[in-house]
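K.L.:
sharing a model that was predicted from the sequence below.
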Amino acid sequence: QAQLVESGGGPVQAGGSLKLSCEATVGTLSTYVVGWFRRAPGKEREFVAAITWSGATTYYADSVKGRFTASRDNAKNMAYLQMDSLKPEDTGVYYCAADEALVIITTKYDFISYWGQGTQVTVSS
């Protein structure tokens with residue numbers, strides 16, 4: 001079982017950076033693949049990034065590739081999403097999620113075991 005808490009969102013101007021954090025307050029994060037998702041106003045939930053259990057492999061949506069970087073520190077039970085060169089279309093509520101299975105995180109979002117509460121990111125032009 002796990003409980004996830006995101007932090008680090010806020011307002012930022014286009015071209016700026018934010019770093020989101022995801023802390024597992026219950027459970028051991030190293031047993032889970034961590035994914036990042038976002039929901040923009042009026043849009044469906046969207047996959048953003050994922051990082052495997054040890055952090056050896058990362059996956060990104062095409063829309064954020066080269067601008068966002070997922071990382072993790074299992075010793076601290078933390079995962080991070082570094083977001084650079086932010087654009088107004090990156091605005092939304094960002095969620096971290098965790099599941100034991102990579103395929104669930106990357107393709108079967110409805111079956112993800114654990115979700116954080118979300119943190120708002122607002123990018124102004």
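P.N.:
Perfect, I can see it now.
K.L.:
name the element residue 11 belongs to?
P.N.:
Assigned by DSSP states H and E, residue 11 belongs to strand 10-13.
K.L.:
ok now that strand, how far from the chain's centre?
P.N.:
17 Å (C-alpha atoms, centre = their mean, to the nearest Å).
K.L.:
partner strands of it, with direction?
P.N.:
Within its sheet, and counting by DSSP bridges, strand 10-13 is paired with strand 119-124 (parallel).
K.L.:
who's in contact with the partner strand?
P.N.:
Outside strand 119-124, the residues that touch it by C-beta atoms under 8 Å, 6 or more residues apart in numbering are 6-14, 16, 18, 20, 38, 83, 86-95. C-beta: built from backbone N, CA, C; applies to glycine.
K.L.:
in strands only, show me the residues you listed.
P.N.:
6-7, 10-13, 18, 20, 38, 83, 92-95 (DSSP state E).
K.L.:
remind me which residues of this protein are low pLDDT?
P.N.:
For the chain, no stretch is flagged by pLDDT under 70.
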